[in-house]
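S.K.: sequence? don't have it. structure:
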């Protein structure tokens, strides 16, 4: 299995277009050693296959495709290596890139839960708009633990798990969460027998979910914020990380504490990193602490071979 990190930042990317925090200003003027990042998305394919699955369609998807020629293999007048799209939630930074995939001769194969379909046909009717272009061939993701496959993505199977997080602000159930608003995904390669767990929006880790993570060879999990009060301290929000559905890395019960409990052989990666997170500064003490704990911040164009 090959996992390509198309984008590793949270919504807004890094540097964010209107932000002049220490990270964004420093990245722009070169005073900070920090790599620019597009909004989070990954592409997963079997080891012997060109075609695979796009997880989340970032607003930066066209730039990401241009940066990864393998996604445009050029086998026909119009071609793509994207056999299907899987949405982990209905957030704007994970779904609006679907508009950029509209130039197709047949409906776009799309997998999502019922709550996400509701979000994207009511509060933010992306799927309705696509009906005026290529249309969508929607497949239902269930939460009963059953594995599913995406035709064209050879050797791969997928199992979804409901997460405790937050639905999009335009969701009918933003303040009344339902299972399926956000999901994590166990991605397995039948050929190699290896697997990865992917959860870019993760507000809480339950014992049952941790058991799933322990069984994976790699975990790519929520790296949005370093501290729970990060946005409050910067004067950018009145809400904590947990309030908006993201488990911070530091502090009691934080992501570092959970990742430390995984088997020693598990590769640990953070994705969906907010522009304010000090781990983006490669010379920061926070980045050094991650290294001590064998935790890697994802970067655009990174590839994992499992």
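M.R.: Received it, and whenever you're ready, just let me know what you need. Predicted model, so just to flag it, every value in this text is computed and none were measured. Numbers count the residues shown, from 1 in each chain.

S.K.: ends of stretch 290-297, how far apart?
M.R.: Length of stretch 290-297, first residue to last, C-alpha to C-alpha, to the nearest Å: 8 Å.

S.K.: Tell me which residues of it come out buried.
M.R.: Within stretch 290-297, the residues that count as buried by 16 or more other C-beta atoms under 10 Å are 290, 295, 296, 297. Any C-beta I mention is one placed from the backbone N, CA and C, and that applies to glycine too.

S.K.: Closest to residue 112 out of the residues you listed?
M.R.: Among the buried residues of stretch 290-297, residue 297 lies closest to residue 112 (C-beta to C-beta), at 27.3 Å.

S.K.: need the contact list for the closest one.
M.R.: 8, 223, 269, 270, 273, 279, 280, 287, 290 (C-beta atoms under 8 Å, 6 or more residues apart in numbering).

S.K.: Which of these fall in strands?
M.R.: Residues of the contacts of residue 297 located in strands (DSSP state E): 269, 270.

S.K.: List buried residues within the contacts of residue 297.
M.R.: For those, a neighbour count by 16+ other C-beta under 10 Å gives the buried set as 8, 223, 269, 270, 273, 279, 280, 287, 290.

S.K.: Looking at these, which one is closest to residue 164?
M.R.: Of those, the one sitting nearest to residue 164 (C-beta to C-beta) turns out to be residue 223, at 16.9 Å.

S.K.: Can you name the residues that contact the residue lying closest to the closest one once chain neighbours are set aside?
M.R.: Closest residue to residue 223 apart from its sequence neighbours, by C-beta to C-beta, 6 or more residues apart in numbering: residue 270 at 2.8 Å. Counting by C-beta under 8 Å, 6+ apart, residue 270 touches 220, 221, 222, 223, 249, 255, 279, 290, 295, 296, 297, 298.

S.K.: Among those, which lie within helices?
M.R.: Those of the contacts of residue 270 mapping onto helices are 255, 290, per DSSP state H.

S.K.: Among the contacts of residue 270, which one lies nearest to residue 108?
M.R.: residue 220 (23.9 Å).

S.K.: residues in contact with the closest one?
M.R.: Counted by C-beta under 8 Å, 6+ apart, residue 220 has contacts 3, 42, 196, 197, 198, 199, 200, 269, 270, 271, 298.

S.K.: Looking at the residues you listed, which one is closest to residue 53?
M.R.: Within these, the smallest distance to residue 53 is 8.8 Å, found for residue 42 (C-beta to C-beta).

S.K.: pretty sure that closest one is in a helix, no?
M.R.: No. Looking at residue 42 with DSSP: H, G, I helix; E, B strand; the rest coil, it is strand, so not inside a helix.

S.K.: Show the pLDDT at it.
M.R.: Note for residue 42: predicted pLDDT of 98.

S.K.: Relative to residue 45, how far out is the residue nearest to it when sequence neighbours are not counted?
M.R.: Using C-beta to C-beta, 6+ apart and skipping the chain neighbours, the partner closest in space to residue 42 is residue 55 (4.8 Å). From residue 55 over to residue 45 the distance is 12 Å, taken as C-beta to C-beta, to the nearest Å.
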